[in-house]
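> got a predicted model here, sequence first, then my questions.
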Amino acid sequence: SIGSMRDANIGSRNLIAEQQPELMKHAFSGETVFIPPIYSDVPLKDASGRLVERAATMFFATPLHDPSGTVVAVLTLRFDPVSEFGRMTLTGQMGASGETYAFDRQARLLTESRLEDQLANLTQYFTAESRLLSMRISDPGGNLLEGYQPVSGYPQWPLTRMATEALNKRDGLDITGYRDYRGVPVIGTWSWLDRLGIGLATEMDLSEALKPYHAMRRLVLGALGGIAFIALLLTALTVWLGERARGRLQLLVSERTEELRKVVQAVEQSPLCVVITDKAGNIEHVNPTFTRVTGYEAHEVIGKNPRVLKSGETPPEQYATLWETILAGKVWHSTIQNRRKNGELYWGSISIAPVHNAVGEVTHFVAMIEDITETKNVELALHELEYTRNLALDAAQVGLWSGDVATDNWTWDGWVNRMMGFPEDMAPDLEKWVGALHPDDRDKVLEDFQAAIRGEKVYDVEYRVIWPDGSVRYITARGKTTFDNTGKPMRIDGITY
């Protein structure tokens with residue numbers, strides 16, 4: 001280390017070079033890289049304010065060049081994996097046992113487990129300190145929660161099926177069941193993100209997922225959507241953290257002229273397309289990423305207007321808004337579909353900012369564009385998945401309903417209205433639903449419903465309803481109640497057929 005916020009680090013071997021030497025080599029070869037969580041070289045405070053030895057930390061690293069273009073140093077910025085990284089996986093939690101977590105090439109846990117209360121009772125296998133980087137995703141051979149005693153010590157446990165497949169770069173889905181790091185049978189889906197060097201897994205206890213079959217189908221589809229959504233969020237996180245890193249560098253270079261030169265070189269190596277134009281919109285500079293994304297060499301576009309990339313798919317009104325915003329001195333953000341040199345269409349997430357001179361006049365514009373074509377393709381796939389799911393529900397003539405117990409807010413779809421004899425577009429009305437129940441069934445239905453909310457039984461009831469024309473119809477309803485950590489009911493969700 002040749003510079004640090006802590007003087008004691010000067011002259012010492014950097015912890016990234018010690019723990020992630022390959023990623024450090026990539027940084028010295030000219031790449032801006034994401035360093036997944038590694039062990040900190042100094043104690044760090046946890047959420048309770050307690051100093052923790054060998055706590056997890058993560059970095060962004062970007063190369064610094066001399067005037068000849070030679071990489072002379074690497075600048076790193078530290079981030080907290082719990083607050084900046086771990087919270088992204090919280091969106092993948094489903095049901096009472098579902099969790100989404102990240103792991104590295106050594107199958108070490110990179111995010112906090114949702115099941116900390118269970119792991120706290122297994123300290124003979126899992127340390128009570130922070131489990132980030134200290135816990136391998138390995139299979140004990142049996143269910144530890146049910147008292148299973150492993151035949152070998154923790155270091156000898158093999159990786160779980162999910163971890164083995166992911167580390168071999170094989171994305172997958174398993175709904176037949178395999179053991180997780182607690183030895184509990186689970187279903188799961190996983191994906192290995194080789195560019196970032198991390199894996200993502202979403203798992204749920206098999207016992208919860210199989211009750212009932214139709215609920216399992218929705219949960220599996222939810223897991224697939226969850227892993228894709230997490231991948232999108234992780235991509236967004238990478239860009240967002242990159243933006244934060246650049247923002248901090250700009251603050252530092254405003255105070256130190258020498259660092260300004262280094263940051264300019266770092267921006268030139270940015271993974272985003274960078275385009276600089278004059279006030280009239282004529283291109284003055286593009287970075288190498290622009291050539292890789294669009295296919296145009298710098299000499300082919302210098303002096304020309306960015307309209308050479310226009311696909312004809314973007315409405316003129318969007319361009320009008322663009323110019324109105326940036327000429328007013330504001331930053332413009334949007335998504336545009338452009339055309340590469342070979343004629344292929346691609347999607348770009350673009351931000352354009354004005355550059356002012358010393359007296360506040362706009363002299364240039366800087367555009368940063370990320371190629372999000374793959375992300376758009378994932379979005380289209382998710383829309384297609386949702387469309388297919390709705391077709392399946394319509395074909396099965398199954399109605400979906402749910403209720404928020406705390407707010408007494410209820411929702412259901414058009415199939416429920418049809419079965420009750422209500423207009424298909426009628427807003428959910430609990431009083432009308434109760435009123436349509438057959439008088440001989442009403443007390444039993446409401447009694448079973450309240451018992452299900454209290455957690456005394458699963459809601460599974462067949463009852464009769466009276467349609468407005470006086471005819472009697474038979475309906476079967478099934479539902480499951482979700483409770484918070486204190487056992488208080490939060491919501492109930494179910495189906496009607």
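Yes, it's here.
> now do the contacts for the nearest residue in space to Asn143 that is not next to it in sequence.
Leaving aside its chain neighbours, Asn143 sits nearest to Gly183 (4.5 Å; criterion: CB to CB, 6 or more residues apart in numbering). The way it works is simple: take the backbone N, C-alpha and C, and place the C-beta from them, glycine included. Gly183 makes contacts with Asp139, Pro140, Gly141, Gly142, Asn143, Leu144, Leu145, Tyr148, as judged by CB atoms under 8 Å, 6 or more residues apart in numbering.
> next, Gly183: secondary structure please.
Here Gly183 is recorded as coil under DSSP: H, G, I helix; E, B strand; the rest coil.
> can you report phi and psi for it?
Main-chain torsions, Gly183, degrees, to the nearest 10: phi 80, psi 10.
> how about Leu44?
Per-residue torsions, Leu44: phi -120, psi 150 (degrees, to the nearest 10).
> neighbours of it, how many?
Leu44 is flanked by 18 other residues according to other CB atoms under 10 Å.
> compute the distance between it and Val33, please.
With distances taken as CB to CB, to the nearest Å, Leu44 is found 22 Å from Val33.
> the worst-scoring helix or strand of the chain on mean pLDDT: what's the following helix or strand?
Here the helix or strand of the chain ranked lowest by mean pLDDT, DSSP states H and E is helix 257-268, holding a mean of 67. The helix or strand immediately downstream of helix 257-268 is strand 273-278, counting by DSSP states H and E.
> the helix or strand following that next one pairs with which strands?
The helix or strand immediately downstream of strand 273-278 is strand 283-286, counting by DSSP H and E. Here strand 283-286 has these sheet partners by DSSP bridges: strand 273-278 (antiparallel).
> in the partner strand, what counts as buried?
Cys273, Val274, Val275, Thr277 (16 or more other CB atoms under 10 Å).
> confidence score at Asp443?
pLDDT for Asp443: 93.
> what helix or strand is it on?
If you go by DSSP H and E, Asp443 is part of helix 439-453.
> next one: that helix to chain centre, how far?
Relative to the chain's own centre, helix 439-453 is displaced by 40 Å; criterion: CA atoms, centre = their mean, to the nearest Å.
> quick one: buried residues of that helix?
Asp441, Val445, Asp448, Phe449, Ala452, Ile453.
> again, but for stretch 363-373
The neighbour-count check on stretch 363-373 (16+ other CB under 10 Å) flags Phe365, Val366, Ala367, Met368, Ile369, Glu370, Asp371, Ile372, Thr373 as buried.
> okay, it in CSV with CA atoms only?
Extracted in CSV, the C-alpha atoms of stretch 363-373 (Å, rounded to 0.1, in the frame of the first residue of the first chain):
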residue,chain,number,x,y,z
THR,A,363,-19.8,24.4,-23.0
HIS,A,364,-19.9,20.6,-23.4
PHE,A,365,-22.0,17.6,-22.6
VAL,A,366,-20.8,14.3,-21.2
ALA,A,367,-22.9,11.1,-21.8
MET,A,368,-22.5,7.8,-20.0
ILE,A,369,-24.3,4.8,-21.5
GLU,A,370,-24.6,1.3,-20.2
ASP,A,371,-25.5,-1.5,-22.6
ILE,A,372,-28.6,-3.1,-21.0
THR,A,373,-29.7,-5.3,-23.9
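> distance from the chain centre to it, please.
24 Å.
> hey, where'd the strands end up in the stretch 151-300 of the chain?
Using DSSP state E, counting those that start in this stretch, the strands of the stretch 151-300 of the chain run over 172-179, 185-193, 198-205, 273-278, 283-286.
> again with the stretch 351-497 of the chain
362-371, 399-404, 409-412, 459-466, 472-483, 489-496.
> among those, which is nearest Leu210?
Minimum separation from Leu210 across the strands of the stretch 351-497 of the chain (CB to CB) falls at strand 472-483, 12.2 Å.
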